[in-house]
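Engineer: Just need the structure, nothing else, for what follows:
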Amino acid sequence: MESSDGHRAESLIASAYGAAISVSANPAVAQHVTAVAFEGGPGQGPDLVRRTLRLAARTAPAPQYRRMSVEQREAVALARPGGATADEIAATLEISTREAKRRMLEGLRAAAATPAQAR
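Structural biologist: Numbers count the residues shown, from 1 in each chain. The predicted model follows:
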């Protein structure tokens, strides 16, 4: 079975699952959000992977994402394991490119902060 962008469906599922596990660090959560993202309707490969990343970031974030707000997590997850550009993140989240960059920067700062600094 081929997806609309030419990638094999199995490869797309593996990509989405791999991205989800990098954001959630929980195989059960990654499996669940991957299934939910694919049930969410048609889309090309990057759209499905981005939907999976956003669900993983909201559902059960890995420790490196927990100090970030949900909005920051989504932006950083789309950029880091998702490989999206600031413009792509802005389009996905329906925000300005400037806001996407701000969320990424603040998210990375929050993740880098020591527990005492995060208070």
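
Engineer: average pLDDT for stretch 47-67?
Structural biologist: Averaging pLDDT along stretch 47-67 yields 92.

Engineer: Helix or strand: which one has Leu53?
Structural biologist: Element membership for Leu53 (DSSP states H and E) is helix 45-59.

Engineer: which residues sit against that helix?
Structural biologist: 3, 5, 7, 12, 15-17, 19-21, 23-24, 29-30, 32-34, 36-38, 40, 43, 65, 70, 73-74, 77-78, 81-82, 84, 88, 92 (CB atoms under 8 Å, 6 or more residues apart in numbering). All C-beta spots, glycine's among them, are computed from the backbone N, C-alpha and C.

Engineer: Show the subsequent helix or strand relative to that helix.
Structural biologist: helix 70-79.

Engineer: and the angle for that following helix with helix 45-59?
Structural biologist: Put simply, helix 70-79 runs at 140 degrees to helix 45-59, going by axes from the mean of the first three to the mean of the last three CA atoms, to 10 degrees.
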